[in-house]
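Give me coordinates for this.
(4 chains)
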Number of protein chains: 2
Amino acid sequence: MAELTLEDIAKKVGVSRSTVSRVINGSLNVNSEIRRRVMDVIHETGYHPNAAARSLASQRSGVIGLMLPRSVSSFFTDPFFPQLTQGVAYGCNKNDLTLSLYLVGNKEDEEKIYPRISRRGLLDGILIQAGQPDDRLIDYLDHSRVPNVILGRPFVLNGANYIDVDNIEAAANATRHLIKLGYERIATITGTQNSAVTLDRLEGYTLAMKQAGREIDDSLIVEGDFTEGGGYEAMQRLLPARPDAVFSASDIMAVGAMRAVQDAGLEIPGDIAFVGFDDIPMASSAVIKLTTIRQPILQFGIKAVELLLDIITNGKQPARRVMLETELVIRESCGCHKVNI
Amino acid sequence: MAELTLEDIAKKVGVSRSTVSRVINGSLNVNSEIRRRVMDVIHETGYHPNAAARSLASQRSGVIGLMLPRSVSSFFTDPFFPQLTQGVAYGCNKNDLTLSLYLVGNKEDEEKIYPRISRRGLLDGILIQAGQPDDRLIDYLDHSRVPNVILGRPFVLNGANYIDVDNIEAAANATRHLIKLGYERIATITGTQNSAVTLDRLEGYTLAMKQAGREIDDSLIVEGDFTEGGGYEAMQRLLPARPDAVFSASDIMAVGAMRAVQDAGLEIPGDIAFVGFDDIPMASSAVIKLTTIRQPILQFGIKAVELLLDIITNGKQPARRVMLETELVIRESCGCHKVNI
DNA sequence: GTGAAAGCGCTAACAG
DNA sequence: CTGTTAGCGCTTTCAC
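As a prediction, the model looks like this:
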């Protein structure tokens, strides 16, 4: 059977194309009897309006993009991104939006993707993961008229719309918890250099330490890369400095680091206590029991979609900055109960 | 500035709209001098054709969908899916396609998504992850005219186009490896009930055991759920049966199971040997060293896109079934070297 | 409350 | 090799 059009439906019901369009788009000014008949025919025939035609006429596609730049290589290595993606997907489902995913693999991909997202008609707006300071994309989008919101604080603000958690405060919180528990040599495993999250979480650590009158010992600060393996190696480098507690800038690195501690024959939290960041599902597993800073990852994605929708509808002015709350979730890796005895 | 149209470019260059369209679409029949001038103006002005108009006129959107049904709840829990998604994304990048991701969260979402994917004009075709036997979607798509390929063998074939690895043979291979190494009590941790992968891998295990003249001992078969925690628990249930080797239907479950073994004070592979399935990045980490069946996950995604493209171009007849090769990757968890001594 | 008519911006015959 | 001419299928004034 040939594809049905609005015109076909109209003919079958005996009304005009406009009327059918009105009932599909939920206009109130339609006689309820006619509306019913139109609906019936639509269901009987299994008619679905053509998306391209609709986009062209209405200048709205109902599609938003999610772009993860090349610098986010940990897409399938850190559960954070899949979960974020899921949050965005839920946000889309909720708002009857379709999600287009742009995963950039290499420089070549990148060049091909720029034009695709700026092609009008395809996307109503786009969500971009903040990356490294030299990410040209954010800059690029700033100049384009595509409504966009940045996931995470971008390096250069410039009236950007973004959503984030207060990484500095959250990391400070995590560190303070360790300080309060009486640990003497508190170390930190940072994320990849050159990303805003890494900088902010490190700053939070430093802040809390200084506020507590502790000196910053560089041998207690090691760089990870947001992977489990990276956490393992970072911990191995850290071990000689004899830390008695570690604040890890991500849960997945904490998991790797804890493994390194165990492989070294030490105990958690007895010998070394841990606090992570993210609260990925694994953190609450029976085996890990990681005390961590919970980010509302799913909510993050959902809110981002809503923020974007707001910008699409009402314009990008004034700039919007949404901050989500984090929360210290106490499990066993920090050794809380040890102190309570 | 108002949005540029093809007409504007044509006017600036002093040619007709069609000519500009031709150079954009790479038609050969254009005077090279004119082509150059058109290109120049396009670059100067930063013109991008409107995707909706183009889709409407050409009946092709350049967008394909990737649908992960509700039954795939392990999206952000098993690295397999993110990696598959990445493979699909690469395949899209390579072929100048845009990827739309449909992650179904709940029944409600599901109902909203059906019409979205069957709306013509939006999608040129769709990739669907095979799920449980009662997944209505695959059935639904079979009747629709949307070109589609199923990722993994579907329960009901019916002329479906799909791509898969030979799970039975691969699992048998893994099991045979363990048999050859002389293990006496070889167990298996299966995936979630009711999925084709689970069934096939279990069948491979049974097959290899029977072929080797081993009896199938039900106490050596436990069900997992494709999560790390599930693997851990499955192993705990398995321990009393005193297995000396385990074939796990996925790497992530193997990781959990191995942890359970260590927590029980046993050694790998000394007390219990392991072979996994997938070869996720973690499997080759310095800590895990998991012997496993490597699936070409990225390739899987890329090939799926190419297959879909073929169907879009040449029609769904005849049905295409693509099988990808797997490979046994030997690391340390199987205890190979123990035997070689 | 309903219909007619004018596009939305592009592709694709078809002439020339 | 290039221009003219129809649409693609829908939304949206604007009359009535």
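
how about A:K12, secondary structure?
Following DSSP: H, G, I helix; E, B strand; the rest coil, the label given to A:K12 is helix.

Kindly provide the distance from it to chain B.
As judged by CB to the nearest CB, to the nearest Å, A:K12 and chain B stand 18 Å apart. Every C-beta, even on glycine, is put in place using the N, C-alpha and C of the backbone.

In space, what's closest to that residue - neighbours in sequence excluded?
A:V41 (5.1 Å; CB to CB, 6 or more residues apart in numbering or on different chains).

hang on, isn't that neighbour packed against A:V13?
Yes: with contacts counted by CB atoms under 8 Å, A:V41 reaches A:V13, the gap being 5.3 Å.

count of neighbours near whatever residue of the stretch 201-341 of chain A ends up closest to DNA strand D?
Going by CB to the nearest atom of the strand, DNA strand D is nearest to A:T313 of the stretch 201-341 of chain A, at 13.0 Å. For A:T313, the count of nearby residues is 10 (other CB atoms under 10 Å in any protein chain shown).

rewinding a little: and the residue nearest to A:K12, what does it touch?
Contacts for A:V41 (CB atoms under 8 Å, 6 or more residues apart in numbering or on different chains) come out as A:I9, A:K12, A:V13, A:Y47.

Surely it is in a strand?
No: under three-state DSSP, A:V41 falls outside any strand and is assigned helix.

Tell me the spacing between it and A:S16.
14 Å (CB to CB, to the nearest Å).

Check A:A304 too.
Separation of A:A304 from A:S16 (CB to CB) stands at 41 Å.

same question, A:A260
Distance of A:A260 to A:S16, given as CB to CB: 72 Å.

Those two: which is more packed in?
Between A:A260 and A:S16, counted using other CB under 10 Å, the more crowded position is A:A260 (21 against 13).

and the more buried one, how far is that from A:A254?
Noted for A:A260: a distance of 11 Å to A:A254, by CB to CB.

shared neighbours of these two, anything?
Residues touching both A:A260 and A:A254 (CB under 8 Å, 6+ apart): A:G231.

can you give me phi and psi for A:L66?
phi -130, psi 120 (degrees, to the nearest 10).

Tell me the bridge partners for it.
A:L66 forms beta bridges with A:L101, A:L127, as assigned by DSSP bridges.

before we move on, back to that, find me the pLDDT at the residue of the stretch 201-341 of chain A closest to DNA strand D, would you?
Looking at A:T313, its pLDDT is 92.

How many residues are close by the closest residue to DNA strand D within the stretch 151-300 of chain A?
Relative to DNA strand D, the nearest point of the stretch 151-300 of chain A is A:N161 (24.5 Å; CB to the nearest atom of the strand). Per other CB under 10 Å, the neighbour tally for A:N161 reads 21.

Am I right that it is in contact with A:L151?
No: in this structure A:N161 lies outside contact range of A:L151 using CB under 8 Å: 10.6 Å.

Counting neighbours, show which residues of stretch A:141-152 come out buried.
Across stretch A:141-152, burial judged by 16 or more other CB atoms under 10 Å in any protein chain shown covers A:L141, A:D142, A:V146, A:P147, A:N148, A:V149, A:I150, A:L151, A:G152.

now do stretch A:149-167
Within stretch A:149-167, the residues that qualify as buried are A:149-155, A:160-167, counting by 16+ other CB under 10 Å.

which residues in chain A form helices?
All helices of chain A, identified by DSSP state H, fall at A:6-13, A:17-24, A:32-45, A:51-58, A:80-94, A:107-118, A:136-143, A:167-180, A:196-211, A:228-238, A:251-263, A:297-314, A:336-340.

ok, of those helices, where does mean pLDDT dip lowest?
Among the helices of chain A, helix A:336-340 carries the lowest mean pLDDT, at a mean of 65.

So the nearest residue to A:A196 once chain neighbours are set aside versus chain B, what's the distance?
Distances taken as CB to CB, 6+ apart place A:R153 nearest to A:A196, at 4.9 Å, with adjacent residues excluded. Per CB to the nearest CB, A:R153 is found 23 Å from chain B.

OK, contacts around A:R153?
Under the criterion of CB under 8 Å, 6+ apart, the contact list for A:R153 reads A:A130, A:Y162, A:D164, A:N167, A:A196, A:D200.

close enough to count as contact, A:S55 and A:S61?
Yes: A:S55 lies in contact with A:S61 (CB under 8 Å); the separation is 4.3 Å.

Which residues of chain A lie near DNA strand D?
Residues of chain A lying close to DNA strand D (CB under 7 Å from any atom of the strand) are A:3, A:5-7, A:17-18, A:21-22, A:24-25, A:49-50, A:53-54, A:56-58.

Separate out the buried members of these.
With burial judged by 16+ other CB under 10 Å, the buried subset of the residues of chain A next to DNA strand D is A:L6, A:S21, A:R22, A:I24, A:P49, A:N50, A:A53, A:R54, A:L56.

which residue is nearest the middle of chain A?
Relative to the mean C-alpha position of chain A, the nearest C-alpha, by CA atoms, centre = their mean, is the one of A:L84, at 4.0 Å.

Next, work out how far apart that one and chain B are.
Between A:L84 and chain B the computed distance is 9 Å (CB to the nearest CB).

That residue contacts A:L151, doesn't it?
Yes: if you go by CB under 8 Å, A:L84 and A:L151 touch, sitting 7.2 Å apart.

residues shared between the contacts of those two?
The contact sets of A:L84 and A:L151 overlap at A:Q129, A:F300 (CB under 8 Å, 6+ apart).

give the contact list for the residue of the stretch 151-300 of chain A closest to DNA strand D.
Contacts of A:N161 by CB under 8 Å, 6+ apart are A:N148, A:V149, A:I150, A:L307, A:I311, A:K316, A:A319, A:R320, A:R321.

pLDDT check: weakest of the residues you listed?
Among the contacts of A:N161, A:K316 has the weakest pLDDT, 83.

how close does that one get to chain B?
From A:K316 across to chain B, the span is 17 Å (CB to the nearest CB).

Distance of that residue relative to A:D310?
A:K316 is 10 Å from A:D310, by CB to CB.

Count the residues that sit near A:L207.
Using other CB under 10 Å, A:L207 has 16 other residues around it.

mind listing what it touches?
Neighbouring residues of A:L207 by CB under 8 Å, 6+ apart: A:I168, A:A172, A:T175.

quick one: contacts of stretch A:132-145?
With CB under 8 Å, 6+ apart, stretch A:132-145 has contacts from A:67, A:69, A:71, A:110, A:114, A:117-118, A:126, A:128, A:130-131, A:148, A:150, A:154-156, A:158-160, A:194-195.

Distance from it to the middle of the chain?
Its chain's C-alpha centre and that of stretch A:132-145 lie 18 Å apart, by CA atoms, centre = their mean, to the nearest Å.

Next, the distance between the ends of that stretch.
End-to-end distance for stretch A:132-145, by CA to CA, to the nearest Å: 22 Å.

Before we move on, what's the pLDDT of A:A2?
Reported pLDDT for A:A2: 65.

ah, wrong one, I meant A:G65
pLDDT, read off for A:G65, is 96.
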